[in-house]
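# Build me a model from this:
(one chain, ligands or ions: 2)
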Amino acid sequence: MILHMDMDAFFASVEQRDNPRLRGKALVVSGHSKRSVVSTASYEARKFGIHSAMPLFQALRLCPHLTIVSGNREKYIRDSKKIMEILSRFTPLVEPVSIDEAYMDIQGCETLFGSPKQIAMKIQHQVAQELGLTCSIGAAPVRFLAKIASDMNKPNGFTMIDKDNMAEFINTLPIGKVPGVGKQAMVAMTALNIQCLGDIQRLPPQVLDTKFGKMGQRLSALSRGIDPTPVGGRTVRKSISSETTLSQDISAPADIKQVLLACAQRVGKDLRKKRWLCHHVSIKIKFSDFTQITRVKKTRSWISSSNAIYDEARILLHRVNLKKRIRLIGVGVSHFMDESRPVQMSLIPDPAEIANKQWESVDHAVDAVMDKFGSNVIQKATLAQGKLCDKNPTGDISRGIKDMI
Ligand code: TTP
Ligand code: MG
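Numbers count the residues shown, from 1 in each chain. Ligands and ions are numbered 1, 2, ... in the order given. All right, here's what the predicted structure looks like:
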């Protein structure tokens, strides 16, 4: 059996727990500018139709008395770590997949802790006692069904799909609920008259293959109740990124570079925390008309300093036609290696490489200061006058944290 745990309205619930005046109120965790995006909404706010990723102005239209609370990334990470520690009391096979959700393989744990339902109840009890928060849990023989189950009875719910009712559940499961089936795939599904996951079994393998490629094979397996992905099998991170929706559209090169630098710093800090070096840097730019581009490049050497990441991001920026105003800027890194692994240095001393190494030392020292005294106590002078980025760029919070996990 696999359990999937997901916290209920996580950021909002943390804020309500920590401030009794917010309890029972329709609130969102979000930046405060008109262009901010909702990170999450309390259940009271959801009654008005407000949800994650909704622009704040729209949320305010739906609920004019909405309370807006700034996010506190460090606090959520602290709570997330405690939650994951509670899960690990029941099984060593815990796979966190985002800041507030995790899979657990509980095979063989039943003799110690009871049935899946009893284990779920114990987890909910300990999370409530120790953190003052609620979570919802799904149990199923395969992981994708456990995830779907955890969402079926929120908040503070438990749903179990067992071997006996699994086939019927799959046959009637709307295809849009299957993790990985996005808007584009839905269009193709509708054209083929596929409404439920069970309908996939009707399609000849060639059709699945030509229409959906790899995803077709996966859906075919899922429709037969097979999900071979083991818990713990997806822990290797492939990329770390950070992006910021700007408080106003910008076009001045100096402004763009300032935001790029702030993103590079956040990404660099996460990268160094993992004690990794990266070999690819990417940027993402969303324009005011919502069109979007990404650019990626290999770096000359393995890097982890924020400066080096920023330099690469700037090179990528030069490859972008910046005629339109910009709404969102992001920086990402990928292709990782542990920093303790030996690296082939160039035989002829390369000034850029030497400077990188020196900046890495500076960055490690700055990271340590931030960890001890908070992230706002020290920053680059260039960013000190920066008013372009929200202190808590909401669209970015969960993503950044997911990346760290
Ligand atoms: P979710 O688990 O998707 O949402 P939730 O916990 O707020 O609500 P639910 O009860 O439906 O599970 O995401 C976890 C947290 O991640 C959420 O509290 C805020 C953050 N987040 C964002 O910052 N942006 C987003 O677009 C989403 C979906 C979540
Ligand atoms: Mg959640």
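
# From now on I want contacts and neighbour counts done on CA atoms only, so please keep to that.
Noted.

# Up against ligand 2, what does this structure have?
With the criterion set to Cα under 5 Å from the ion, the chain comes near ligand 2 through 6, 7, 8.

# For the second one, what are phi and psi?
With angles defined as degrees, to the nearest 10, residue 7 sits at phi -70, psi 150.

# Count the neighbours of it for me.
By other Cα atoms under 10 Å, the residues close to residue 7 number 24.

# For the residue nearest to it when sequence neighbours are not counted, which residues are in contact?
Of all residues not flanking residue 7 in the chain, residue 135 sits nearest, at 4.1 Å (Cα to Cα, 6 or more residues apart in numbering). Residues near residue 135 by Cα atoms under 8 Å, 6 or more residues apart in numbering: 5, 6, 7, 8, 124, 127, 154, 155, 156, 157.

# Is the fourth one in contact with residue 156, as I believe?
Yes: with contacts defined as Cα atoms under 8 Å, residue 8 counts as touching residue 156 at a distance of 7.2 Å.

# Return every residue with contacts to both of the two.
Counting by Cα under 8 Å, 6+ apart, the residues touching both residue 8 and residue 156 are 134, 135, 136.

# sorry, back to before: how about JSON lines for the contacts of residue 135, with pLDDT and secondary structure added?
Output for the contacts of residue 135, formatted as JSON lines (pLDDT from 0 to 100; DSSP: H, G, I helix; E, B strand; the rest coil):
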{"residue": "5", "pLDDT": "98", "secondary structure": "strand"}
{"residue": "6", "pLDDT": "98", "secondary structure": "strand"}
{"residue": "7", "pLDDT": "98", "secondary structure": "strand"}
{"residue": "8", "pLDDT": "98", "secondary structure": "coil"}
{"residue": "124", "pLDDT": "98", "secondary structure": "helix"}
{"residue": "127", "pLDDT": "98", "secondary structure": "helix"}
{"residue": "154", "pLDDT": "95", "secondary structure": "coil"}
{"residue": "155", "pLDDT": "95", "secondary structure": "coil"}
{"residue": "156", "pLDDT": "97", "secondary structure": "coil"}
{"residue": "157", "pLDDT": "97", "secondary structure": "coil"}
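
# tell me which element the residue located most distally from the centre of the chain is part of?
Here the chain reaches farthest from its C-alpha mean at residue 348, the gap being 41.2 Å by Cα atoms, centre = their mean. Element membership for residue 348 (DSSP states H and E) is empty, with no helix or strand holding it.

# quick one, phi/psi of it?
phi -90, psi 120.

# can you tell me which residues contact it?
By Cα under 8 Å, 6+ apart, residue 348 has no neighbours at all.
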